[in-house]
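S.K.: Provided below are the primary sequence and the corresponding predicted coordinates.
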Amino acid sequence: MDAGAETTTGTDDPAAAAKFLTGLAASGSRPEQVVGVLRARYGTGRTVLAGAELALLDAADVLHERGWGARDVTEVVRRRLTAGRVVLAVDVLGAAAARRPRGNPSDLEGTPLPRDAPLVAQWSSVRGLVPDDALAASVALVGLMRTLPALPWLGEEARAPEGVDARVLARVRGLLAKAESTEFPEEAEALSAKAQELMGRHALEQALVGAPVDAEPRASARRLWLDPPYASAKSSLVHQVATANRCRAISLGALDMVTVVGHAADLATVELLVTSLLVQADRAMLAADDDSVPRARRRSFRHAFLLAYATRIGERLTAAAHEAQAHARAELGEALLPVLAARAEVVERTVGELFPRLTRRRFSVGNGAGWTAGRAAADAASLTPGRDALAEG
């Protein structure tokens, strides 16, 4: 490993140690190797610990400036690093937020560590790591944070969707919880459809009685992180649900993440439905993938299943959304249509501002049995229950 001659000028300067550690971490070297170089250069004293903390805080600040929220960082750490590193990332993010103007470390889950000693030292005394493992964890975190791409700045995400009635949200969550717990696909899809119609009607009412369109020059956005495997196929479900609810979804496949752009009530619908439907899709996929599927074809079967499931769910949610809009027009009048058209224009404008260079991606399906099974699972029951059934939910 070539440490480089220009990385530091002394062995007792934490800033120089931070620069040295950052250079090695960003080079892709194994954390254990970097720890050996750091120990050889700085020993076991306070300089290397203070330098590691400074490198961590600087890396967190850079990510903050590049559009990353705290939840985004913890999600990517969970996916890229070994188990147990998320709590360390939360420590770093909390400390970094606390030193910024108007920093708000309370937005992070967990209890922040006291500031009477370097973070890496406390990981040994409080988090239970041996010193070299604590230092290796700091190298891994710095290396990851320094190599992540910039993201569009979405602003501070609210904990609860603004403009959405808490009672409606509670009712919808109850419907989706029932859908996730039942073993009967027909009942699950009917409950999901009831949730879609309830939130859809509420969103349409909010659109008409809310603030004037010219007071909303920009739509809202939030990021949804998808768990592997088959994250690309799962992203198709997000796109389908978003489209059915007047939103746009933009995938960043390298990070298993989809950004959804829309208005508050619509975004709430998308997030709730996607979370529930992914649970239901996984269960249906595992039930369909029985011993009749050859092991060599299992991955292509599941990929095709999820794509077909997403496509059919999208068709049915769109039909349910159209029905809800027709009922809303009958109840609220034709004034709804220009409001929806104006809000759609705001969504498109916001997408253009956040993502000026978009490309389309097409999925290919190489397993006909998986495609057929996926559509059958999504087509098990009607997704447009009557309004009387909705009222009873």
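M.R.: Yes, it's here. Values in this document were obtained by computation on a predicted structure and should not be read as measured data.

S.K.: Could you check which helix or strand contains residue 55?
M.R.: According to DSSP states H and E, residue 55 maps onto helix 46-65.

S.K.: Give the other helices and strands that that helix contacts.
M.R.: helix 14-26, helix 31-42, helix 85-98, helix 119-125, helix 131-147 (3 or more CB pairs under 8 Å, 6 or more residues apart in numbering; DSSP states H and E). For glycine as for every other residue, the C-beta is placed from the backbone atoms N, C-alpha and C.

S.K.: What angle do helix 46-65 and the following helix or strand past that helix make with each other?
M.R.: Downstream of helix 46-65, the next assigned helix or strand under DSSP H and E is helix 70-80. Going by axes from the mean of the first three to the mean of the last three CA atoms, to 10 degrees, helix 70-80 is angled at 110 degrees with respect to helix 46-65.

S.K.: what's the spacing between helix 70-80 and its chain's center?
M.R.: Offset of helix 70-80 from its chain centre (CA atoms, centre = their mean, to the nearest Å): 9 Å.

S.K.: Can you list the buried residues in that helix?
M.R.: 70, 71, 72, 73, 74, 75, 76, 77, 79 (16 or more other CB atoms under 10 Å).

S.K.: nearest to residue 167, of the helices and strands packed on helix 46-65?
M.R.: For those, the distance to residue 167 is smallest for helix 85-98, at 32.2 Å, taking CB to CB.

S.K.: Surely residue 92 and residue 63 touch.
M.R.: No. Look at residue 92 against residue 63 with CB atoms under 8 Å: they stay out of range, at 10.0 Å.

S.K.: which residues of the chain fall in strands?
M.R.: Applying DSSP state E to the chain gives strands spanning 220-225, 248-252, 257-262.

S.K.: so the last one versus strand 220-225, what angle?
M.R.: Yep, that's strand 257-262 we're talking about. Interaxial angle of strand 257-262 relative to strand 220-225 (the same axes, to 10 degrees): 160 degrees.

S.K.: ok, the residue lying closest to residue 131 once chain neighbours are set aside - contacts?
M.R.: Nearest residue to residue 131, sequence neighbours excluded (CB to CB, 6 or more residues apart in numbering): residue 124, at 5.1 Å. Going by CB atoms under 8 Å, 6 or more residues apart in numbering, residue 124 touches 130, 131, 134.

S.K.: Now tabulate those in TSV and tack on neighbour count.
M.R.: Formatted as TSV, the contacts of residue 124 follow (neighbours: other CB atoms under 10 Å):
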residue	neighbour count
130	10
131	17
134	23
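
S.K.: mind showing which ranges of the stretch 251-393 of the chain have poor pLDDT?
M.R.: 253, 291, 293, 295-296, 361-393 (pLDDT under 70).

S.K.: Tell me where it has helices.
M.R.: Applying DSSP state H, counting those that start in this stretch to the stretch 251-393 of the chain gives helices spanning 264-288, 298-332, 336-354, 368-378, 387-392.

S.K.: Looking at those, spot the one closest to residue 45.
M.R.: helix 336-354 (46.1 Å).

S.K.: Send me that closest one as PDB with only the CA atoms.
M.R.: What follows is helix 336-354, C-alpha atoms only, in PDB (Å, rounded to 0.1, in the frame of the first residue of the first chain):
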ATOM      1  CA  LEU A 336     -61.500  19.500  -9.500                       C
ATOM      2  CA  LEU A 337     -60.100  18.900 -13.000                       C
ATOM      3  CA  PRO A 338     -58.200  22.200 -13.500                       C
ATOM      4  CA  VAL A 339     -56.800  21.900 -10.000                       C
ATOM      5  CA  LEU A 340     -55.500  18.400 -10.800                       C
ATOM      6  CA  ALA A 341     -54.100  19.600 -14.100                       C
ATOM      7  CA  ALA A 342     -52.300  22.400 -12.400                       C
ATOM      8  CA  ARG A 343     -50.900  20.100  -9.700                       C
ATOM      9  CA  ALA A 344     -49.700  17.700 -12.300                       C
ATOM     10  CA  GLU A 345     -47.800  20.500 -14.000                       C
ATOM     11  CA  VAL A 346     -46.200  21.400 -10.700                       C
ATOM     12  CA  VAL A 347     -45.100  17.800 -10.300                       C
ATOM     13  CA  GLU A 348     -43.600  17.700 -13.800                       C
ATOM     14  CA  ARG A 349     -41.800  21.000 -13.200                       C
ATOM     15  CA  THR A 350     -40.300  19.700  -9.900                       C
ATOM     16  CA  VAL A 351     -39.100  16.500 -11.500                       C
ATOM     17  CA  GLY A 352     -37.400  18.600 -14.200                       C
ATOM     18  CA  GLU A 353     -35.700  20.700 -11.500                       C
ATOM     19  CA  LEU A 354     -34.500  17.800  -9.400                       C
END
